[in-house]
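S.K.: structure for the following, please:
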Amino acid sequence: MFYFIRHGSADYSERNTKIYQDFGVNLAPLSPEGVKQIKASAKDSRLQGADIILSSPYTRALQTAAILSRELRADIIVETDLHEWMANKHYIYETDEKAEISYHEFLSSGGVYPAGEEKEWEDCSAMKKRAMAVLDKYREYDKVIVACHGMLIKAVCNVRHPANGEIVELNQRDSY
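M.R.: Below you'll find the predicted structure:
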């Protein structure tokens with residue numbers, strides 16, 4: 001069983017300062033409230049006895065995984081393909097303005113390219129494909145926690161966008 005958990009609330013108070021500009025915003029840590037959210041989530045009985053914790057490489061997910069690791073005594077493995085949605089599927093950095101436009105296109109189309117069109121942004125099927133390739137490497141484990149991002153959880157698990165610290169189950173049998 002895979003237990004996806006959306007990272008806790010991030011502290012973006014330093015956005016557009018220091019190194020927290022553009023892609024650097026992904027280095028933002030959890031807020032104090034985000035830490036509380038994850039400590040509360042760690043008490044969920046479904047997570048007890050986890051074999052391993054997989055994490056996105058972004059700070060907010062890594063800090064989430066670190067808290068869970070300490071509370072649940074499970075090791076962390078960072079998997080770079082568990083990253084957040086990409087405004088450019090070719091991994092080319094987009095300005096905040098262009099990324100915002102792509103994000104709104106993604107939302108308005110439900111994460112699916114309009115018929116006959118190809119977009120630069122990553123669609124839900126591409127997100128699911130890259131995440132499932134990661135999960136496939138850990139199928140032998142009984143209980144895997146995946147600390148990552150709301151848009152990825154929504155794409156993989158076909159659920160509404162989860163709240164910070166929310167846990168979403170994905171049964172291995174149902175995921176392939």
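S.K.: lowest-confidence helix or strand of this protein?
M.R.: Among the helices and strands of the chain, helix 96-108 carries the lowest confidence by mean pLDDT, DSSP states H and E, at a mean of 90.
S.K.: let me know the next secondary structure element after that helix.
M.R.: Toward the C-terminus, helix 96-108 is succeeded by helix 124-136 as the next helix or strand (DSSP states H and E).
S.K.: quick one: the helix or strand hosting residue 63 to chain centroid distance?
M.R.: Assessed by DSSP H and E, residue 63 sits inside helix 59-72. Taking the mean of its C-alpha atoms, helix 59-72 sits 13 Å from the chain's own mean (C-alpha atoms, centre = their mean, to the nearest Å).
S.K.: helices and strands around whatever helix or strand comes next after it, which ones?
M.R.: Where DSSP H and E defines the elements, the next helix or strand beyond helix 59-72 is strand 76-78. Judged by 3 or more C-beta pairs under 8 Å, 6 or more residues apart in numbering; DSSP states H and E, the packing partners of strand 76-78 are strand 52-55, helix 59-72. (C-beta placed from N, C-alpha, C; glycine too.)
S.K.: between the ones you listed, which gets nearest to residue 5?
M.R.: In terms of C-beta to C-beta, the element of the helices and strands packed on strand 76-78 nearest to residue 5 is helix 59-72, at 6.7 Å.
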